[in-house]
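S.K.: Sequence below, structure please.
(one chain, ligands or ions: 2)
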Amino acid sequence: MPLGPDIVELLNRARADLRMGVPVAIRAGDDSGLIVAAETLSPERLVALTSMGSAQLAITDRRAATLKVAAYDGDVARLVLPDDATASWIEAVADPARDLSAPMKGPFRPIRDGSAALARAGVRLAKSARLLPAAVVVPMTVAPAVAQASGLTCLDWQRAAEELDRATVLHPVIHARLPMRAAEAGRLHVFRPEDGGEEHYAIEIGAPRRDQPVLARLHSACFTGDVLGSLKCDCGPQLHAALDQMGREGSGILLYLNQEGRGIGLTNKMRAYSLQDQGFDTVEANHRLGFEDDERDFRIGAALLRRMGFSSVRLLTNNPAKIRMLESQGIGVVERVPLKVGRSAHNAQYLATKAAKSGHLL
Ligand SMILES: Nc1nc2c(ncn2[C@@H]2O[C@H](COP(=O)(O)OP(=O)(O)OP(=O)(O)O)[C@@H](O)[C@H]2O)c(=O)[nH]1
Ligand SMILES: [Zn+2]
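M.R.: Ligands and ions are numbered 1, 2, ... in the order given. Below you'll find the predicted structure:
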């Protein structure tokens, strides 16, 4: 292996750069340019960037719909960055939590001509760095040379996109005994993805047989529900009810997937909550932020089950999409075990929205 970073490592470095507000150079076919995440762009970097060429602001079609601007590129829209645009204006266009306090942002000038490859790359990278899905893009043919001269990360986008599409490979790191209230015979396994992303955990109860369907739960992390006992969702009670049932039956496997906020991260989930405080429902809030309803990659759950030797499950869930996904990844779901706990006056509307819009079974 060469000494320098390979494409997976470069991608990971690019995510860290974007989170710090450092630009990343992209080469996408005939297009090259610099991108920086809208959320972390400082006023000084904005001046440095715009001195290099004319800049665009890339947002998702979802965010464009909220701002009532045409998304000529389908999944993304490119807006001309006005000469007097400030970092604060850029953040306000990207962040709907500020739609009420900063309502006058337009008129916007959407771009029709040219390629959207860099814009698409910027939005996708920002998402994968768990930032708001918006990026400032400065197209310029010399971007790779600028990157080399300034020590910026430079990505070949075709290879980077292939990596982002690929299901990440997870490696077991360590496992140890973990007696729990729900089951004394517990064991926690830690798995680390090759792409430098979040680690995921498998909690094994008892000694489930690998040649029979195992009672299983794919639980998505919810700091507010699992740890703080939030009443806005049903996650905490679902987590404990699942462990309790595994404890009672004497065996099971609970995957604790670090995909907070249906894959948008805690910060963006709290942005969604601030929109919910303004009256939007859970799905509308995600869309206003520029995200899809659900950005989770459930292939991780299937990969973990396979890696631990399980090929069929009795799945604790109310979400039929999880069953479809596991089956499409070669894991048999012999039974759906409903998990209806934690309903309260605070989350009745939330659960009704999930049933109406996301196909959850009430
Ligand atoms: N973006 C966003 N995420 C939320 C919200 N409420 C809960 N979550 C996250 O949603 C995830 C849980 O997903 P749910 O939709 O409750 O349930 P599910 O995993 O699809 O289905 P079940 O297996 O039936 O629990 C956790 O990662 C939570 O952090 C919200 O209002 N907005
Ligand atoms: Zn929750």
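S.K.: going forward, measure contacts between C-alpha atoms and count neighbours the same way
M.R.: Will do.
S.K.: for residue 187, helix, strand, or coil?
M.R.: strand (DSSP: H, G, I helix; E, B strand; the rest coil).
S.K.: Ligand 1 contacts on the stretch 201-350 of the chain?
M.R.: Residues of the stretch 201-350 of the chain lying close to ligand 1 by C-alpha under 6 Å from any ligand atom are 219-222, 233, 235, 259-262, 269, 272, 282, 286, 317-319.
S.K.: Show the contacting residues for the residue in the stretch 51-200 of the chain that ligand 2 sits nearest to.
M.R.: Relative to ligand 2, the nearest point of the stretch 51-200 of the chain is residue 200 (17.0 Å; C-alpha to the ion). Taking C-alpha atoms under 8 Å, 6 or more residues apart in numbering, we find residue 200 in contact with 190-192, 255-258.
S.K.: Now the buried members of these.
M.R.: Buried members of the contacts of residue 200, counted by 16 or more other C-alpha atoms under 10 Å: 190-192, 255-258.
S.K.: among the residues you listed, which are in strands?
M.R.: Filtering the buried ones among the contacts of residue 200 for membership in strands, criterion DSSP state E, returns 190-192, 255-257.
S.K.: And the helices in this protein, which stretches?
M.R.: Under the criterion DSSP state H, helices of the chain are mapped to 7-20, 43-50, 61-66, 87-94, 117-128, 143-150, 157-165, 235-249, 260-263, 265-277, 282-289, 299-307, 320-328, 348-358.
S.K.: Is it possible to get TSV of those helices that adds mean neighbour count and distance to residue 210?
M.R.: Below are the helices of the chain laid out as TSV (neighbours: other C-alpha atoms under 10 Å; distance: least, C-alpha to C-alpha, whole Å):
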stretch	mean neighbour count	distance to residue 210
helix 7-20	19	32
helix 43-50	14	54
helix 61-66	21	43
helix 87-94	20	47
helix 117-128	24	34
helix 143-150	16	50
helix 157-165	15	29
helix 235-249	20	15
helix 260-263	21	29
helix 265-277	19	33
helix 282-289	23	37
helix 299-307	20	10
helix 320-328	16	17
helix 348-358	16	32
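S.K.: Including mean pLDDT, could the ones you listed go into CSV?
M.R.: Shown next, in CSV, are the helices of the chain (pLDDT from 0 to 100):
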stretch, mean pLDDT
helix 7-20, 96
helix 43-50, 96
helix 61-66, 94
helix 87-94, 93
helix 117-128, 97
helix 143-150, 96
helix 157-165, 95
helix 235-249, 98
helix 260-263, 96
helix 265-277, 95
helix 282-289, 93
helix 299-307, 96
helix 320-328, 95
helix 348-358, 84
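S.K.: Dump those helices to JSON lines, plus distance to residue 182.
M.R.: JSON lines is the format used below for these (distance: least, C-alpha to C-alpha, whole Å):
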{"stretch": "helix 7-20", "distance to residue 182": "37"}
{"stretch": "helix 43-50", "distance to residue 182": "52"}
{"stretch": "helix 61-66", "distance to residue 182": "42"}
{"stretch": "helix 87-94", "distance to residue 182": "43"}
{"stretch": "helix 117-128", "distance to residue 182": "35"}
{"stretch": "helix 143-150", "distance to residue 182": "53"}
{"stretch": "helix 157-165", "distance to residue 182": "37"}
{"stretch": "helix 235-249", "distance to residue 182": "5"}
{"stretch": "helix 260-263", "distance to residue 182": "23"}
{"stretch": "helix 265-277", "distance to residue 182": "27"}
{"stretch": "helix 282-289", "distance to residue 182": "31"}
{"stretch": "helix 299-307", "distance to residue 182": "21"}
{"stretch": "helix 320-328", "distance to residue 182": "24"}
{"stretch": "helix 348-358", "distance to residue 182": "26"}
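S.K.: With distance to ligand 2 as new columns, can those helices be given to me in JSON lines?
M.R.: Output for the helices of the chain, formatted as JSON lines (distance: least, C-alpha to the ion, whole Å):
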{"stretch": "helix 7-20", "distance to ligand 2": "25"}
{"stretch": "helix 43-50", "distance to ligand 2": "35"}
{"stretch": "helix 61-66", "distance to ligand 2": "23"}
{"stretch": "helix 87-94", "distance to ligand 2": "25"}
{"stretch": "helix 117-128", "distance to ligand 2": "20"}
{"stretch": "helix 143-150", "distance to ligand 2": "41"}
{"stretch": "helix 157-165", "distance to ligand 2": "26"}
{"stretch": "helix 235-249", "distance to ligand 2": "4"}
{"stretch": "helix 260-263", "distance to ligand 2": "8"}
{"stretch": "helix 265-277", "distance to ligand 2": "10"}
{"stretch": "helix 282-289", "distance to ligand 2": "11"}
{"stretch": "helix 299-307", "distance to ligand 2": "18"}
{"stretch": "helix 320-328", "distance to ligand 2": "16"}
{"stretch": "helix 348-358", "distance to ligand 2": "10"}
